[in-house]
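Student: coordinates for the following, if possible.
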Amino acid sequence: MKQIILGTFLGKFALVARDKCEIIKTTFINIESLGTISNDQMATFLVTRLCKPNKIFVDIGAHIGSIISAVTYHDSTIKIIAAEAVPEKALSFRCKFPSVDVYEYAVGDPGDEEETVSFYTKEDIWDFLNDNDYGVFVPNRVAHNGVELSKDGWLY
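Tutor: Numbers count the residues shown, from 1 in each chain. Below you'll find the model as predicted:
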């Protein structure tokens with residue numbers, strides 16, 4: 001059901017409503033977790049708005065596409081590249097978000113690969129982004145000094 005409404009106005013409404021309900025429920029049931037949940041929701045809000053218009057947003061491990069949907073909803077001029085190891089999910093992205101470049105591969109440490117997907121290390125991803133002149137920014141670094149991440153910073 002989530003994948004069907006994702007990317008629509010109803011999907012956007014449902015995601016906002018879910019977040020609000022989660023905050024209210026946590027306030028009454030588990031107040032100790034309220035800070036963590038609020039932080040996660042704020043991080044999603046900020047990450048989906050960090051990319052400047054007409055720039056490139058990379059989503060590695062795109063899952064069902066909620067981040068892609070939020071970025072697209074925020075600014076349709078942003079070019080999105082997504083990596084998703086599950087072929088069915090990647091196919092769903094291609095249908096639902098035709099403007100997104102979807103790559104079917106996993107990203108991780110050597111030894112974690114599955115036989116059914118192509119596997120790339122973090123260094124492979126860095127080289128791909130760097131070779132295509134994509135600057136890599138990490139939200140925390142952008143908040144502090146806005147300097148692009150170095151290859152060593154990306155890998156370690």
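Student: how about the strands of the protein, start to end?
Tutor: Counting by DSSP state E, the chain forms strands over residues 56-60, 79-83, 101-103, 105-107, 118-120, given from the N-terminal end onward.
Student: with mean pLDDT, mean neighbour count and distance to residue 41 added, can I get the ones you listed in a markdown table?
Tutor: (Each C-beta comes from the backbone N, C-alpha and C, glycine too.) Rendered in a markdown table, the data for the strands of the chain read as follows (pLDDT from 0 to 100; neighbours: other CB atoms under 10 Å; distance: least, CB to CB, whole Å):
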| stretch | mean pLDDT | mean neighbour count | distance to residue 41 |
| --- | --- | --- | --- |
| strand 56-60 | 84 | 19 | 18 |
| strand 79-83 | 87 | 20 | 21 |
| strand 101-103 | 87 | 18 | 26 |
| strand 105-107 | 72 | 17 | 25 |
| strand 118-120 | 60 | 16 | 30 |
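Student: show me what contacts the residue sitting furthest away from the middle of the chain?
Tutor: Largest separation from the mean C-alpha position in the chain: residue 28, at 29.8 Å (CA atoms, centre = their mean). Under the criterion of CB atoms under 8 Å, 6 or more residues apart in numbering, residue 28 has no contact partners.
Student: low pLDDT regions in the protein?
Tutor: 1-3, 107-120, 122, 132-156 (pLDDT under 70).
Student: give me the most central residue, this protein.
Tutor: Per CA atoms, centre = their mean, the C-alpha nearest to the average position across the chain is that of residue 59, at 3.9 Å.
Student: in a markdown table: the strands of the chain, plus distance to residue 39.
Tutor: Shown next, in a markdown table, are the strands of the chain (distance: least, CB to CB, whole Å):
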| stretch | distance to residue 39 |
| --- | --- |
| strand 56-60 | 20 |
| strand 79-83 | 24 |
| strand 101-103 | 29 |
| strand 105-107 | 24 |
| strand 118-120 | 30 |
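Student: among the ones you listed, which comes closest to residue 12?
Tutor: When those are ranked by distance to residue 12, counting by CB to CB, first place goes to strand 79-83 at 16.3 Å.
Student: which neighbouring elements make contact with that closest one?
Tutor: For strand 79-83, the packing partners by 3 or more CB pairs under 8 Å, 6 or more residues apart in numbering; DSSP states H and E come out as strand 56-60, helix 66-74, strand 101-103, strand 105-107.
Student: which of those sits closest to residue 48?
Tutor: Go through these one by one with CB to CB and the one that ends up closest to residue 48 is helix 66-74, at 4.0 Å.
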